[in-house]
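# Fold the following, please.
(2 chains)
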Amino acid sequence: MDLKGRLSQALKNVLPDGVDAEILWTVPKHVDQGDLSTNVAMLLAKQLKRPPREIATEFLGQVEWADFGIERAEVAGPGFINLFIGPGHYQGVVRDILNHGRDYGSSNEGNGKKVLVEFVSANPTGPLNVVSARAAAIGDSIVRVLRKAGYEGMGEFYVNDAGRQVRRLGLSVLAHARGQEVPEDGYHGEYVREIAEALFPDGTTPPQDADPDEFGHEAAMLNLAKQKEVLASYGVEFDRWFHESELHGSDAPMQTLEKLRELDAVYEKEGAVWFAGTRFGDQEDRVIVTSEGRPTYLLPDIAYHVDKLSRADVIVDLLGPDHHDYVGRMQAALKALGHDGKLEVIIVQQVHLKEGGEKVKMSKRAGKLVTLEELVDDVGRDVARYFFLQRRTSTPLDFDLDLAKEQSDRNPVYYVQYAHTRICGILRQDGCPEPSADADLSPLTASEEIELIKHLEQFGLQCARAAEAYEPQRLVGYLADLATRFHKFYTACHVIGVEPATSLARATLIQAAEIVLAEGLSLLGVSAPERM
RNA sequence: GCGCCAGUAGCUCAACUGGAUAGAGCACCGGCCUUCUAAGCCGGCGGUUCGGGGUUCAAGUCCCUGCUGGCGUACCA
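Residues are numbered from 1 along each chain as shown, chains lettered A, B, ... in the order given. The predicted structure is shown next:
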């Protein structure tokens, strides 16, 4: 059991008979408030009908704090119990990191729970845009963090290869190849021309009876191949690419419809079949089979979610801002099918690119888009991913292209990477002792050393929290803080050229910091360079 | 109209899920390189957490209400 757990147990042992409380330890904001703090006395004040400070004082006297490596314990403020941890504990943390290596910070918080995260899932009708770039960075990082925290995380991309947009793509490509005007509701980007040239090289033209569905599908597969390639170079991996066409092959949508019929969750009106979403919390009922007898997108989508739930305990959808209204109907559908509470939807908000202080104008209609590929070519993979992961997913993001391209101290990515680089630089030096878990770490007592270690110790907790809340941006903040602690240490404490015992202990400490920085950055999909 | 997301320093954002004195970066001002990379460190400036009620020992955080901004509101996906 870790220190917090053992301390909680000790406190529970001194609670009055018949009284129980959950004891939570937090790290106070100010150093003069100690290293760990609990508010348990305040929580019990009402129940015990006594002032919180009085209760805290009583508890304080009943625990042998020194047994836990606590140097000092005191009652503070309205009734907090604050503990000041001695250096011995922190030296143990460093040893722990060296012993566990990159596995340090892993936990079983998720208890093996299967979490399937669906993200990007862009239509195969064109290149990936910047919102997909944001979703890709976030989704991929969520999966990595989930695994770190003991969940079985899976990443999945839903390929929408069976809808009517595929036919529209086919019509657009055929029109282009014939030198005709692309239809108004077609696709107008430059890539349409490229696909047309790939399918009809050297001035060949499509046959008169060319099937738009067939060529649409070929074009879609070319787009998909390109999307896969771009995502791979962006460092984003999927465990599965699920094609909508697979679903139709297995007749899953029709089975889902039958199931909904049996549950009496659908009805007919004006020749169409409606899902009675309002009975399950949606804003309005939705058509799932049109009056022409064709299923709408909703039916296969429900079938797909049911399929995912057969493979996972919880499913997470990362959706673009244009799919806001989709949430209610899918939640309602799953509720109707007995899967209430198993779908978590995260809306990835809009990305506004800014250059020279101006918003970069993007128009889908005219095909004027900044693609993921262009963005990565422009600013690099590390910068792009870091920028996307910095902000909370649910808020729109201004992406400052000038700042992103700047190779300077203004660019926050380098701040974290530079900490890692500096460590590698020291460890590379001839005069640097070999870090070792067996080293005597008692020389580590300086405040810069202890502050650094305190932060390293938080890594596992931060990973667990980021995983549980599906919020990888927490980790970005954590790593930036960690880098700060390291840079302060670097400025204050020399590793090489000091007294040998200190030198060895510090080399071991920075090795520990290197491990956590490298592992943390890899959870973000950002590289940890040895030289910059 | 209805629904979602947001509103915290001049700007971009934090705040460990209800805790103590609301913190960083950028910008602006001033310091620190003959020793491990100055892509760094130190100091200064900067706040009615959009307004108004409420819940309680305690509210930026939860509830109600109003205001502002973004997005969405198809028998498209």
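# From here on, just use CA atoms for contacts and neighbour counts.
Fine.
# My guess is A:Arg531 contacts A:Ile423. True?
No: if you go by CA atoms under 8 Å, A:Arg531 and A:Ile423 don't touch, sitting 9.8 Å apart.
# Check the gap between the residue nearest to the spatial centre of chain A and A:Gln350 for me.
The centroid of chain A falls nearest to A:Ile142 when counting by CA atoms, centre = their mean (2.9 Å). For A:Ile142, the distance to A:Gln350 equals 19 Å [CA to CA, to the nearest Å].
# and what of A:Gly281?
Taking CA to CA, one finds A:Gly281 at 26 Å from A:Gln350.
# neighbour count winner among these two?
A:Gln350 (19 against 16; other CA atoms under 10 Å).
# if we can go back for a sec, mind telling me what element the residue nearest to the centre of chain A is part of?
helix A:130-148 (DSSP states H and E).
# could you say what helices and strands the next helix or strand after that helix packs with?
Next along the chain after helix A:130-148, taking DSSP H and E as the criterion, comes strand A:152-159. Using 3 or more CA pairs under 8 Å, 6 or more residues apart in numbering; DSSP states H and E as the contact test, the elements touching strand A:152-159 are strand A:114-118, helix A:130-148, strand A:240-243.
# Please verify my assumption that A:Arg506 contacts A:Val495.
Yes: taking CA under 8 Å as the definition, A:Arg506 is a contact partner of A:Val495 at 5.6 Å.
# returning to what we had before: how about the helices and strands packed on strand A:152-159, which one is nearest RNA strand B?
Each of the helices and strands packed on strand A:152-159 has some distance to RNA strand B by CA to the nearest atom of the strand; the shortest is strand A:240-243, at 10.8 Å.
# buried stuff in the helix or strand following the closest one?
Sequence-wise, the next helix or strand downstream of strand A:240-243 (DSSP H and E) is helix A:244-249. For helix A:244-249, the neighbour count (16 or more other CA atoms under 10 Å) marks A:244, A:247 as buried.
# One more: stretch A:497-512?
Buried residues in stretch A:497-512 (16+ other CA under 10 Å): A:501-512.
# a markdown table please, covering the helices and strands packed on strand A:152-159 and showing distance to RNA strand B and mean pLDDT.
Shown next, in a markdown table, are those (distance: least, CA to the nearest atom of the strand, whole Å; pLDDT from 0 to 100):
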| stretch | distance to RNA strand B | mean pLDDT |
| --- | --- | --- |
| strand A:114-118 | 14 | 96 |
| helix A:130-148 | 12 | 95 |
| strand A:240-243 | 11 | 96 |
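# Of those, which stretch is the most buried?
helix A:130-148 (a mean of 27; mean count of other CA atoms under 10 Å).
# relative to strand A:114-118, how tilted is that one?
170 degrees (axes from the mean of the first three to the mean of the last three CA atoms, to 10 degrees).
# is RNA strand B contacted by stretch A:40-51?
Yes: counting by CA under 7 Å from any atom of the strand, RNA strand B is contacted by stretch A:40-51 at A:42-43, A:46.
# okay, A:Arg531 and A:Ile423: which has more neighbours?
A:Ile423 (21 against 12).
# Tell me if the helix or strand containing that one is near RNA strand B.
According to DSSP H and E, A:Ile423 maps onto helix A:412-428. Yes: judged by CA under 7 Å from any atom of the strand, helix A:412-428 and RNA strand B are in contact via A:412, A:414-415, A:418, A:421-422, A:425-426.
# CSV for those residues, including pLDDT and neighbour count?
Converted to CSV, those look like this (pLDDT from 0 to 100; neighbours: other CA atoms under 10 Å):
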residue, pLDDT, neighbour count
A:Pro412, 89, 18
A:Tyr414, 92, 20
A:Tyr415, 93, 18
A:Tyr418, 94, 20
A:Thr421, 96, 19
A:Arg422, 96, 20
A:Gly425, 96, 13
A:Ile426, 97, 18
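# Save those residues as JSON lines, and put in distance to A:Asn13 too.
Listed next are those as JSON lines, based on distance: CA to CA, whole Å:
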{"residue": "A:Pro412", "distance to A:Asn13": "47"}
{"residue": "A:Tyr414", "distance to A:Asn13": "48"}
{"residue": "A:Tyr415", "distance to A:Asn13": "46"}
{"residue": "A:Tyr418", "distance to A:Asn13": "47"}
{"residue": "A:Thr421", "distance to A:Asn13": "47"}
{"residue": "A:Arg422", "distance to A:Asn13": "47"}
{"residue": "A:Gly425", "distance to A:Asn13": "49"}
{"residue": "A:Ile426", "distance to A:Asn13": "47"}
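# What is the nearest of the residues you listed to A:Lys342?
Closest approach between the residues of helix A:412-428 next to RNA strand B and A:Lys342, by CA to CA: A:Pro412, at 36.4 Å.
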